[in-house]
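Novice: I'd like to go over a predicted model; first the sequence, then the structure.
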Amino acid sequence: MSRKKYCKRIQFLDDWSLKTKLYILFIFCVLVPVLVTNTVFYQSIKGNIEEKEHSRFNEMQQRIKFNLRNSIDNSLYVSNFLYTDGTLNRFMEFKYRDQEDYYSAYYDMLSNNNLVRYYYSYQQVNQITFYVGNDTFVNGGNFIKLDEEVKKSDWYQALMNTSDHIMIYSYFDKQQAEMSQSQGGRKVSIIRKLDYFGEQQVEKVLKVDLDYAFINKSLKNEGANGKVYVVSDGRVIFSNDSKMNQMRKPFNLIANSSIDPVQSMQSIPVVSEDWQIVVSTEKLDVLSEIVNSKLNLTLLIILNLLVPTLLIWLISRSLVIRVDRIAKHLDQVKHEKFEVISGPVGKDEIGSLTHSYNMMVIKIKNLIEIVFKGQVERQALELSKKQAELKALQSQVNPHFMFNTLETIRMRSLIKDELETSDVIHKLALLLRQTINWGDDLITIAEEINFVESYLSIQQYRFGEKLQFAIRITDESIAAMMLPKLTVLTFVENACVHGIEGTSNDGVVEVLFEIRSNELYISIRDTGVGMDQDKLASLRKMMQDPSMDRMSELSSIGMMNAYIRLRMYFDDFVQVHIFSEKGKGTTIGIQIPLMQASQE
């Protein structure tokens, strides 16, 4: 049978909605098989399974309780014998002269008393430690000084806060978890005060650590029968569940644990606490009971495998073939290939999706032809406009500066009627030589400082002692940074013409280059006539939205010119702040991010 003929046979499925297909899938592949299977086998296996489960849980509970009780009792047995041992008590009470005296007594005690080594033969005991408040002791072996660090530990605080002389305490030793890869940091200990012999001079505490791994191992043997959780104070102390049995992590809270339904819970008294043994199990596996009947098994396979598989395969073919076709075309869209899906697409949701995709592809093609071309044209016009504005701004600087400089020389010559202007003319010639050539609009700050210094020298010649100026640079790295040519000079010129020239008092112009918080900060300050608040507010408003069209509204065209050039070169990252007070002068601050100034 050819693929084309086969596809025609199942093509009618393409006209069904996805909801209808899912209903069919659920009814014939899930609901009917489950109902038939449960009806046939439920009554025959129910009684047998319940009886087996009841017996299994009873046996498991008894084993767990016996093993746990046996481990605790053996550890208590060790603790009780050490509690009443007189030789150990005398050894811990005695005050030793020095370390040599201590070690001599220590080895004598070990040679004459094998009690500690004997009790290590119990598998349930992992560690026996005596904490002794005797300053003449030396830490080592089973004996540790009962110092302030030990007294700050959680287990010691718990012992001091209880009225009992003995307790069982579970905790997580983070230090041991980091040092030992095999043992982990979980500990369950029997802790008691060694006060059997009455009032003593030395405080003594005995801590018997249970073998956590040994007890867990005994619980793991119950893994085939379910999950076991031994709980103390809301924490899972022991368990055969691997998720709860991570020895290198703190104990899990039973409230935060996701466990299977609890089948039984039983309390067991342990020293000073009551532990709970929680047993849970997964859903019952009835496969073994079904296998007992070959005929029923055959019917089960037919109902639950063959029929659902056939239906699922037919429906999935209806979905997968067309979804894959859409996916392939969408993958081509990533490579800017927009192709319409041809052929029969069906009338269901996937068919509607295919129709929507085809409409999308057609509209995208139209948008590419219309919108994209229009955008390219607008960008070209915008670029041309920017270039024209930049050239216009550059062309305005030369005549404006030349006019003011020549006027300065003329006025000085008329007033003084002298020929001592050779030095000024020399500096003017140098400035004109630089300003005529606009080939490289970007110059270093060092070059800009030379321009500013020449200009201020000329103005000082003009005003005489009336004008004083200072140029400071706080960091040598600033000199190599780049700026548009004559931008700072334009602000300095504005300070002289509109600030110093209008006052009858002596004036000062200060220019400062410094680095503030990853920004290049340029300050131009004058002590001239200043501005009133209305004029200052108007100027600030103009500077917030500078443009070529608004330059005619300002008297300080050069300053707006320089600001626009700065914004063009530094992508609007530059900021200009103006501070002024009538009769006291004006300060202009220019902020440029260091990254922008360095890149330029």
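Specialist: In hand now; what should we look at? Everything numeric in this text was worked out from a predicted model, so none of it was measured.
Novice: immediately after the longest helix anywhere in the chain, which helix or strand?
Specialist: Assignment by DSSP state H gives helix 32-83 as the longest helix of the chain. Note on helix 32-83: by DSSP states H and E, the next helix or strand toward the C-terminus is helix 86-93.
Novice: so that following helix versus helix 32-83, what angle?
Specialist: 80 degrees (axes from the mean of the first three to the mean of the last three Cα atoms, to 10 degrees).
Novice: show me where the stretch 201-350 of the chain dips below the pLDDT cut-off.
Specialist: 223-225, 255-264, 282-298, 300-301, 304-305, 308-309 (pLDDT under 70).
Novice: so what's Asn112 up against?
Specialist: Thr87 (Cβ atoms under 8 Å, 6 or more residues apart in numbering). Every residue, glycine included, has its C-beta placed from N, CA and C.
Novice: I meant to write Trp16 there.
Specialist: Asp348.
Novice: measure the most centrally placed residue in the chain to Ser267 for me?
Specialist: The chain has Lys249 as the residue nearest its centroid, 23.2 Å off, counting by Cα atoms, centre = their mean. Lys249 sits 26 Å away from Ser267 when distances are taken as Cβ to Cβ, to the nearest Å.
Novice: over to Leu306?
Specialist: Taking Cβ to Cβ, one finds Leu306 at 52 Å from Ser267.
Novice: before we move on, what about Phe143?
Specialist: Distance from Phe143 to Ser267, counting by Cβ to Cβ: 37 Å.
Novice: more neighbours: which of those two?
Specialist: Phe143 (21 against 10; other Cβ atoms under 10 Å).
Novice: report the beta-bridge partner residues of the closest residue in space to that one that isn't next to it in sequence.
Specialist: Spatial nearest neighbour of Phe143, excluding adjacent residues (Cβ to Cβ, 6 or more residues apart in numbering): Phe130 at 5.0 Å. Per DSSP bridges, the residues bridged to Phe130 are Phe143, Leu206.
Novice: next one: Glu273
Specialist: Val270.
Novice: count of residues packed around it?
Specialist: Neighbours around Glu273, by other Cβ under 10 Å: 13.
Novice: tell me the mean pLDDT over the helix or strand containing Met560?
Specialist: Per DSSP H and E, Met560 falls inside helix 557-569. When pLDDT is averaged along helix 557-569, the result is 80.
Novice: buried residues, the helix or strand following that helix. List them.
Specialist: The helix or strand immediately downstream of helix 557-569 is strand 575-581, counting by DSSP H and E. For strand 575-581, the neighbour count (16 or more other Cβ atoms under 10 Å) marks 575-576, 580 as buried.
Novice: so the residue nearest to Phe143 touches Val208, yeah?
Specialist: No. At 10.2 Å, Phe130 does not count as touching Val208 under the criterion of Cβ atoms under 8 Å.
Novice: so these two - more neighbours on which side?
Specialist: Taking neighbours as other Cβ under 10 Å, Phe130 and Val208 compare with Val208 leading, 25 against 20.
Novice: quick one: which helix or strand includes the more buried one?
Specialist: Element membership for Val208, per DSSP H and E: strand 204-210.
Novice: so what touches that strand?
Specialist: In contact with strand 204-210 (Cβ under 8 Å, 6+ apart) are residues 71-72, 75, 78-79, 82-83, 89, 92, 124-133, 146, 155-156, 159, 187-195.
Novice: any idea of the angle that strand forms with helix 32-83?
Specialist: 150 degrees.
Novice: right, and the helix or strand after strand 204-210?
Specialist: helix 212-220.
Novice: for that next one, packing partners?
Specialist: Judged by 3 or more Cβ pairs under 8 Å, 6 or more residues apart in numbering; DSSP states H and E, helix 212-220 is in contact with helix 32-83, strand 125-132, strand 186-193, strand 235-239.
Novice: ok, the third one: who's next to it in the sheet?
Specialist: Based on DSSP bridges, the pairing partners of strand 186-193 within the sheet are strand 166-172 (antiparallel), strand 204-210 (antiparallel).
Novice: of those strands, which stretch is the most buried?
Specialist: Across those, averaging neighbours per residue (mean count of other Cβ atoms under 10 Å) puts strand 204-210 on top, at a mean of 22.
Novice: how's this structure carved up into domains?
Specialist: Using automatic domain parsing, the domain parsing of the chain gives 1-321, 381-599.
Novice: quick one: buried residues of stretch 221-230?
Specialist: Quick answer for stretch 221-230 (16+ other Cβ under 10 Å): 222, 225-230.
Novice: export that stretch to PDB, keeping only CA atoms.
Specialist: Only the C-alpha atoms of stretch 221-230 are listed here, as PDB (Å, rounded to 0.1, in the frame of the first residue of the first chain):
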ATOM      1  CA  ASN A 221      16.900  -4.000  54.500                       C
ATOM      2  CA  GLU A 222      13.300  -3.100  54.800                       C
ATOM      3  CA  GLY A 223      13.400  -1.200  51.500                       C
ATOM      4  CA  ALA A 224      11.500  -3.900  49.600                       C
ATOM      5  CA  ASN A 225       8.600  -3.700  52.000                       C
ATOM      6  CA  GLY A 226       8.100   0.100  52.100                       C
ATOM      7  CA  LYS A 227       9.600   3.300  53.400                       C
ATOM      8  CA  VAL A 228      10.500   3.600  57.100                       C
ATOM      9  CA  TYR A 229      11.000   7.000  58.900                       C
ATOM     10  CA  VAL A 230      12.100   7.200  62.500                       C
END
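Novice: need the contact partners of that stretch.
Specialist: 56-57, 60, 63-64, 68, 219, 236-241, 244, 254, 257, 259-260, 263, 275-282.
Novice: which one of the strands paired with strand 186-193 lies nearest to Asn561?
Specialist: strand 166-172 (72.7 Å; Cβ to Cβ).
Novice: report the mean confidence score over the following helix or strand past that closest one.
Specialist: Once the chain leaves strand 166-172, the next helix or strand it forms, by DSSP H and E, is helix 174-179. Averaged over helix 174-179, pLDDT sits at 76.
Novice: before we move on, back to that, tilt between the longest helix of the chain and strand 125-132?
Specialist: Comparing the axes of helix 32-83 and strand 125-132 via the same axes, to 10 degrees yields an angle of 40 degrees.
Novice: ChimeraX command for the buried members of the contacts of strand 204-210?
Specialist: Burial among those is assessed by 16+ other Cβ under 10 Å; the matching ChimeraX selection reads:
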select :71,72,75,78,79,82,83,89,92,124,125,126,128,129,130,131,132,133,146,155,156,159,187,188,189,190,191,192,193,194
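Novice: if I look at Ile326, how far off is Lys365?
Specialist: Distance from Ile326 to Lys365, by Cβ to Cβ: 18 Å.
Novice: for Glu349, same thing?
Specialist: Counting by Cβ to Cβ, the gap from Glu349 to Lys365 is 25 Å.
Novice: enumerate every residue touching the closest residue to Thr474 other than its chain neighbours.
Specialist: Leaving aside its chain neighbours, Thr474 sits nearest to Glu514 (4.1 Å; criterion: Cβ to Cβ, 6+ apart). Applying Cβ under 8 Å, 6+ apart, one finds that Glu514 lies in contact with 473-475, 478, 521, 523.
Novice: beta partners of Glu514?
Specialist: According to DSSP bridges, beta-bridge pairing links Glu514 with Tyr521.
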